[in-house]
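Enquirer: Any chance you could fold what I've pasted below:
(chains A and B)
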Amino acid sequence: MSWPAKLFLHFFRWFCHPRLKKPIEGDLMELHEERTKEIGQRKADLIFIRDVLLLFRPSIIKPADGTHRINNYGMLKNYFITSIRFIRREKFFSLMNIFGLALGIGCALVIYKIVDHETSFDKHHENFESIYRLINEFKQAEGNVYFAGQPHAIAEGLRNDFGITAAMSYYDKDGLITVEDESGNQKRFQEKEGVVFVEPQFLELFDFEWVAGDASSALSDQGKVILTTSSVEKYYGLKSEEAHMAIGRSLILENAKTLYVSAVVEDLPSTSDFPFTSIFHYQDQDVANRYFYEGKSWQEYNSETNCFVLLDNENSSVEIESQLDGYLMKYQPEDMASMKELKLQPLAEMHSSETVTRNYRGATVSDNKLIALGIVGLFMIITACINFINLATAQAVKRSKEVGVRKSLGGNKAQLIAQFLSETFLITFIATIVGLLVAELLASQIENIFGYEISLQLFAGLGMLKIVGAIVLLVGLISGLYPAFILSRMNPILAVKNSLSTKQTSGFLSLRRALVVFQFAISQILIIGILILNLQMDYFLTKDLGFNDDSIIVVKLPESDSLKLPILKNNLLSHPQIEKVSFSTTGPLASWKVNNPIFHPSIVAENPSGNLKNVDEDYLDLYELDLIAGENYKTGDPRDWVVVNRKLTELIGFDDPSESLGERFQYGRSGREFTITGVVEDFHAGSLKREMDYVILSNVKWNIYQAGIKFNANQTGYSDIKNMLENIESDWTATFPEHVFDFEFYDEQLASLYATEQRISEVFKIIVAIAIIIGCLGLYGLVSFMSNQKTKEIGIRKVLGASAVSIWNIFSKEMVMLLIIAFVIAAPVSYFAMNSWLENYTYRIEITPMVFIISILASLGIALLTISYKSIRASRANPVLSLRDE
Amino acid sequence: MKKFQLGEFEEVVMLTVAILYENAYGVSIKKEIENRLGRNVSVGALQSALKRLEDKDYLVSHDKDATQERAGRPKRYFKITSLGKQAMQYTKETRNSLWDAIPGVALDIKFAKA
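Expert: Numbering: from 1, shown residues only, chains lettered A, B, ... in the order given. Have a look, this model is predicted:
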């Protein structure tokens, strides 16, 4: 045979189905030999090659998935078929199993998504690792305090003095934007967020996706503005593909300044701590920020003016920090500069810091919170697994015959374990698919709560698929191993004889009890947690704040010290529904404040900050603040007469507030002095999470930002309220025709201060509900296991005359014991956990025994309900059936 | 009645296996068909037909005596199963019944002279 023919012989051996290989090869060889004799080797070889090529056809080629393990596949197929049969035979049991696992997995997936979302903030910036935010560290005896606000001139200073790339940004958040359409009609947009002023260097530090224009020219001059695609659509009606047409269009900011669109960027990702929609030049903020002073100030601080620096690789942040040591001495008075040190906060910490709890998006989310959330997610998976173990071992008795037969036929332990594991994996796989649906449903709920989109995006990148794969693997192993070992350990003779239920299986009841205790401990911890969380929320919302927040509408005043205000007040009061109107900086309790240090000879240590509110004569009356000494304002009082709260009089050394009348103190560094002419009882001027403030109420017409409108509480009908709001709106619009009207109910505004707590409690409610459902499924599994075991016992008892109640007792006695053990574990754990959470709040509830009583009663109730279903069924079964089965 | 699927070539192979009786293996079947019908049969066509018939349970096979001339490879001998016999019977009967159904005139064709 020549080498090409041999080559084809090898080819044939390679592709041929192994079962056919040898005889066909034999045929080929035989024919080849004959032909060689008849027509010579060359021709015979050619025919041979032709034959091989004609053999290359589907029925002869070996299957692609290999053939040598053909028998293993058969066995796996058999496992698969038995699993499917088992699932179909035990529909209810499998459904519970799958449902429980799916809930746990769904919950864990959503929690993973939340954690993933929270940890991926700002990472899309190329310079993520080397951008820092400049923060102030105030050394204080009870621990350092940090503040991110910086004076306007500091970035310029850093650039000149150190050559560092630095950029200021002032996030004004709200702004009035006016645009003109083609026909010259003006449209006004009162933006509540997204308006920011940045220095041109800001665009060097951070990355944007430019749709039109570029980083180098977008803010090269004043009068330019960068818009996002969605704000372009909002203002000019241009879709994203025609967004470039917005370049050169104009808009008016705060009715004062006309600016031109110089660039368009894609909307910033939801994982950005810079939620900007329109980006203006830093110098253009003079129309929006009255404390701007042309950006030259070294002493004006506010929390929204931040400074970001970009470090190159040569300088570490520690080196720069040491260079910055004492830097402020150069530009600030010594007592001001010496209070604090400049530090660099990595961009990575801006979203998660616990010490600097402010960024442009709002509150930070600390790593600890995420870890806590992650633990809850892990718990959900673990309880689901425990559940599975409980239910699967409960079914072990039913499958003992199968195991017995398999073992008798030579199935070894490893094979049985493989069989049951593969069954678990099948169920886990189905559960995971259902779990994805559950997660999708949960995600839509949680989106409403958190306000950002949680898309599972299963196929976007490998990340999510990996997680899902890991969950299937982990859950399958955790929940499958124990039942698999139990089942494979059975003695085949006993198993076939079905005498297992009493002897062999009782050993693992104790473990199953332990698992149920664990599960119940978890759900009780969660129940106690949610109870305390809700009580604290109630406390926040219902605590007497020291003033009245009922039936008050809050309306913004765009022109703060306008002469128009008295006219507006008169107009408003002319409506019969409106009782009182007061103009002020803010309401008694507000999310922001004017803060300056208080100086008085009796204050020796640090100068505490005073919260200054400018108010009018009707303020005390409208908000029902309690005047305990002195007098309210009268028109024509001197400008330095103020009403303070009791706490402030105590600060400057008066036990009796009335003695403080006439006392003078200094407010702020500029030397302004106030004289106390009235004292009100303490009230909460800030969130209940903090101590009360030192409050100063001044009657000066300056910094007046809002109108409080008290309406007649008797009119409750929808149309009454609507009518009144229309009146207010028409008065307001008549006074400020160039602005957009908006209002809020004051009590709702106050409630929004606790939005974070509200959200946590909403999410917790969902998680607790799921944990309880899973717990009940587990309990049901245990009870059905017991009733399987005790079939005969119950039969005999019934024959001897036991009632349904006494049989119910057998089951519930044990369950109550387990529950109490679980409670003993859960109570102290949740007490310490919740106590440490409550310590975040200055004003908080005490944890009362009531909480624990409610929690144990609730779980007892749920547990007994679950047990009753199964035990009543067991007690109703015909004893003849259970006793005959021998 | 049960349906039997038997293609033309398959039928030829079945018949040849029956003719060869105890001696039906790859080469002998191939030669027998070539001799009797005077048509060329490739090893590939034959083997895939044999495999198909075996999958349909019309044939069974067993390997026997590895001989020197075949480089030590066994011969795979084929036998007809009872199912295979039924299939052949069925094919023959259906064909016969079709033949019987042809009216005598139809085949009595006379070609008109041009």
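Enquirer: got the residues of chain B near chain A?
Expert: Contact residues, chain B versus chain A (CB under 8 Å from any CB of the partner chain): B:25-27, B:30, B:42-45, B:47-48, B:51-52, B:61, B:63, B:66, B:69-71, B:73-76. Just so you know, the C-beta spots here come from the backbone N, C-alpha and C atoms, and that holds for glycine as well.
Enquirer: What about those residues, which are in helices?
Expert: B:26, B:27, B:30, B:43, B:44, B:45, B:47, B:48, B:51, B:52 (DSSP state H).
Enquirer: Pick out the residue closest to the middle of the chain.
Expert: Answering for chain A, as no chain was given. Centroid-nearest residue in chain A: residue A:114, 5.1 Å away (criterion: CA atoms, centre = their mean).
Enquirer: that's the wrong chain, I wanted chain B
Expert: With distances taken as CA atoms, centre = their mean, residue B:13 lies nearest the centre of chain B, 2.1 Å away.
Enquirer: how about residue A:770, what does it touch?
Expert: Shown in contact with residue A:770 (CB atoms under 8 Å, 6 or more residues apart in numbering or on different chains): A:103, A:104, A:107, A:380.
Enquirer: What separation do you get for the third one and residue A:592?
Expert: If I follow you right, that is residue A:107. For residue A:107, the distance to residue A:592 equals 37 Å [CB to CB, to the nearest Å].
Enquirer: Who has more neighbours out of those two?
Expert: Legend: neighbour count by other CB atoms under 10 Å in any protein chain shown for residue A:107 and residue A:592, higher for residue A:107 (26 against 12).
Enquirer: Okay, buried residues for the helix or strand where residue A:430 lies please.
Expert: For residue A:430, the element it lies in under DSSP states H and E is helix A:413-450. Buried positions in helix A:413-450, judged by neighbour count with 16 or more other CB atoms under 10 Å in any protein chain shown: A:416-428, A:430-432, A:434-436, A:438-440, A:442-443, A:446, A:449-450.
Enquirer: And stretch A:127-141, by the same measure?
Expert: A:130, A:131, A:132, A:133, A:134, A:135, A:136, A:137.
Enquirer: again with stretch A:587-594
Expert: A:587, A:588, A:589, A:590, A:593, A:594.
Enquirer: among those residues, which are in strands?
Expert: By the criterion of DSSP state E, membership of the buried residues of stretch A:587-594 in strands covers residue A:594.
Enquirer: can I get the buried residues of stretch A:587-594 in TSV with distance to residue A:347?
Expert: Below are the buried residues of stretch A:587-594 laid out as TSV (distance: CB to CB, whole Å):
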residue	distance to residue A:347
A:587	35
A:588	37
A:589	33
A:590	30
A:593	28
A:594	30
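Enquirer: Could you list the low-pLDDT ranges of the chain?
Expert: Assuming you mean chain A. Chain A contains residues with pLDDT under 70 at A:64-73, A:141, A:314, A:451-462, A:498-509, A:560-562, A:715-716, A:885-886.
Enquirer: meant chain B, my bad for not saying
Expert: For chain B, the stretches with pLDDT under 70 are B:1-2, B:66-69, B:106, B:108-114.
Enquirer: Are there helices or strands packed against the lengthiest helix in it, and which ones?
Expert: As assigned by DSSP H, the longest helix anywhere in chain B is helix B:82-101. On a contact count with 3 or more CB pairs under 8 Å, 6 or more residues apart in numbering or on different chains; DSSP states H and E, helix B:82-101 meets helix B:8-20.
Enquirer: Just the buried positions in the helix it packs on, please.
Expert: So helix B:8-20, judged by 16+ other CB under 10 Å, has buried residues B:9, B:10, B:11, B:12, B:13, B:14, B:15, B:16, B:17, B:20.
Enquirer: Then stretch A:523-538?
Expert: So for stretch A:523-538, counting by 16+ other CB under 10 Å, buried means A:523-533, A:535-537.
Enquirer: need those in JSON lines with distance to residue A:411, can you?
Expert: Output for the buried residues of stretch A:523-538, formatted as JSON lines (distance: CB to CB, whole Å):
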{"residue": "A:523", "distance to residue A:411": "39"}
{"residue": "A:524", "distance to residue A:411": "42"}
{"residue": "A:525", "distance to residue A:411": "43"}
{"residue": "A:526", "distance to residue A:411": "42"}
{"residue": "A:527", "distance to residue A:411": "45"}
{"residue": "A:528", "distance to residue A:411": "48"}
{"residue": "A:529", "distance to residue A:411": "47"}
{"residue": "A:530", "distance to residue A:411": "48"}
{"residue": "A:531", "distance to residue A:411": "51"}
{"residue": "A:532", "distance to residue A:411": "53"}
{"residue": "A:533", "distance to residue A:411": "52"}
{"residue": "A:535", "distance to residue A:411": "57"}
{"residue": "A:536", "distance to residue A:411": "58"}
{"residue": "A:537", "distance to residue A:411": "58"}
